[in-house]
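>>> need a 3D model of the following:
(2 chains)
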Amino acid sequence: MSSTKIFLKSSDDKTFEIDETAARASETLKNIIDGGCLDGVIPLPNVSSNILPKVIEYCKKHGGDNGSSKKIANGGVDKDKEILPDYDEEEDKREKVRVDELKKWEEEYMDFDQQVLYDLMLAANYLHIKGLLDLTVEKAASMIRGRTPDQIRENFNINSDFTPEEEEEMILIEDEWDDEWAFD
Amino acid sequence: MAKTVQVEKQKKKQQQQRVEDTGEVGEELMSGDYKAVGEGGRVVPTWDKGKKRKRFVEEEEDKVKEEEEEEESSELLQDPLVVFGSDIMLMILSRLDARSVALSLLVSNGWQGVASSDRLWSSKMQFDTKGFATS
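You can find the predicted model right below:
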C-alpha cells in the first residue's frame, strides 16, 4: 500500500490532502493518477471547499476496498461466496461485522442537510465515486418513495406545470390508482 | 446553531434598516438638487450624482432582498430533474417501486417525461416477474 499524498484543489482555490489509495475510490481521480498526468495538485472546478472534505471522508473510508457496497446491497451476505468450496464461516462472520459497522458509518455520514445532498450527489457523479453516488441517489429516492405527487412537489419545491385541465385529470388518475392499489 | 442563524437574520435586518435610512437621505439629497436645477448653475452633474446615488441605494436594497430570498430558498430543494438532468433522475426513479414511479408521472411535465421512459419500466417489469417487487 502506497501512502503517496495527492492534493485536490476545490473550485474556490482551497487545497486538500488525500492518500492516493483513498483517492482511487474515485474513478475520475484514479484515471488521472494512472494516466500519469499528475502535476502536484488536481484542480476540481466543480467541487467547492465545503463539500470536498465530505467527499474525502467517504474516500478515506472506502479507498482500497472493492465490492463492499455490493455486499450491503445483498443484505450483508456475499452470495458468490456461499458456492465457493473453501467457504469460511468465521471469515463470513467477520465480514458481516465489518459490513454492519460500515452500514452504521454510512447512516451517520448521510445525516446532513438536504442542500448538502445535492452538492454531494453532483460531486460523486463528477468524480465517479459509484458507492457515494449510490448512497446519495438512494437518499433522494427515499424522498419520493411512497409519496403522493403533491408531497413530492412540496419536498422538492416543484411547481406543477400542468394546465388546470391536465391538473384535474392527474387528480382523477391519482384517485383511480389509489383505489386500484388499495389492496397493497 | 439556531442562535447564529438568528443573529445573522438580525444583522441582515439592521443592514436593511440602514439601507432604507440611507435611501431616504438619498431622496432628500435629490429633491435638494432639484431646487438647484431651478436656480440654474452647474446642476446637471450634482443631479446626476443624486440620481446615481439613488440608483446605488436601490441596487443595495435589491441585493439585500435577493440575499434574503436566497437564504430562504437554500432551505428548500430544487427540482432534482432540473439540477441533475434526466440521467441521474432515471437512476433515482429506478430505485423506486412501480407504484412510486407511477405517482411520479403526475408530478410535472418534466417528471412525466422521465418517469414514462421505457428503459425504466422494462427493468421494473423484470423485477416484478422475478418476484422482487415487494421489496
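
>>> relative to its centroid, which residue of chain A is most remote?
Relative to the centre of chain A, the most outlying C-alpha is that of A:E165, 38.7 Å out, by C-alpha atoms, centre = their mean.

>>> helix or strand: which one has A:E169?
For A:E169, the element it lies in under DSSP states H and E is helix A:164-180.

>>> just the residues contacting that helix, thanks.
Residues outside helix A:164-180 that contact it (C-beta atoms under 8 Å, 6 or more residues apart in numbering or on different chains) are A:148-149, A:160, A:162, B:99, B:102-103, B:106. Where C-beta positions appear, they are placed from N, C-alpha and C, glycine not excepted.

>>> again, only using 10 Å
The contact list for helix A:164-180, computed with C-beta atoms under 10 Å, 6 or more residues apart in numbering or on different chains, reads A:148-150, A:160-163, B:99, B:102-103, B:105-109, B:112.

>>> could the C-alpha coordinates of it be exported in CSV?
The C-alpha trace of helix A:164-180 is given here as CSV (Å, rounded to 0.1, in the frame of the first residue of the first chain):
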residue,chain,number,x,y,z
PRO,A,164,-55.6,23.4,-15.0
GLU,A,165,-57.4,20.8,-17.2
GLU,A,166,-54.4,18.4,-17.0
GLU,A,167,-54.1,19.0,-13.3
GLU,A,168,-57.7,17.9,-12.9
GLU,A,169,-57.0,14.8,-15.0
MET,A,170,-54.0,14.0,-12.9
ILE,A,171,-56.0,14.2,-9.7
LEU,A,172,-58.6,11.8,-11.2
ILE,A,173,-55.9,9.4,-12.3
GLU,A,174,-54.3,9.5,-8.8
ASP,A,175,-57.7,8.8,-7.2
GLU,A,176,-58.2,5.9,-9.6
TRP,A,177,-54.8,4.4,-8.8
ASP,A,178,-55.5,4.9,-5.1
ASP,A,179,-58.5,2.6,-5.4
GLU,A,180,-56.7,0.1,-7.6
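
>>> buried stuff in it?
Residues A:170, A:174 are the ones in helix A:164-180 that count as buried (16 or more other C-beta atoms under 10 Å in any protein chain shown).

>>> and A:G63, how far is that from A:S3?
Distance of A:G63 to A:S3, given as C-beta to C-beta, to the nearest Å: 11 Å.

>>> which residues are common contacts for those two?
A:19-22.

>>> top of those residues by neighbour count?
Within the shared contacts of A:G63 and A:S3, A:A22 tops the neighbour count with 20 neighbours, counted by other C-beta atoms under 10 Å in any protein chain shown.

>>> quick one: contacts for that residue?
Taking C-beta under 10 Å, 6+ apart as the contact definition, A:A22 lies against A:3, A:6, A:29, A:56-64.

>>> do that again at 7 Å, thanks
Going by C-beta atoms under 7 Å, 6 or more residues apart in numbering or on different chains, A:A22 touches A:59-60, A:63.

>>> so where's chain A uncertain?
For chain A, the stretches with pLDDT under 70 are A:1-2, A:37-39, A:64-87, A:182-184.

>>> near chain B, which residues of it are found?
Neighbours of chain B within chain A, by C-beta under 7 Å from any C-beta of the partner chain: A:114-115, A:118, A:121, A:125, A:137-138, A:140-141, A:144-146, A:148-149, A:152-153, A:155-158, A:160-162, A:170, A:173-174, A:177, A:181, A:184.
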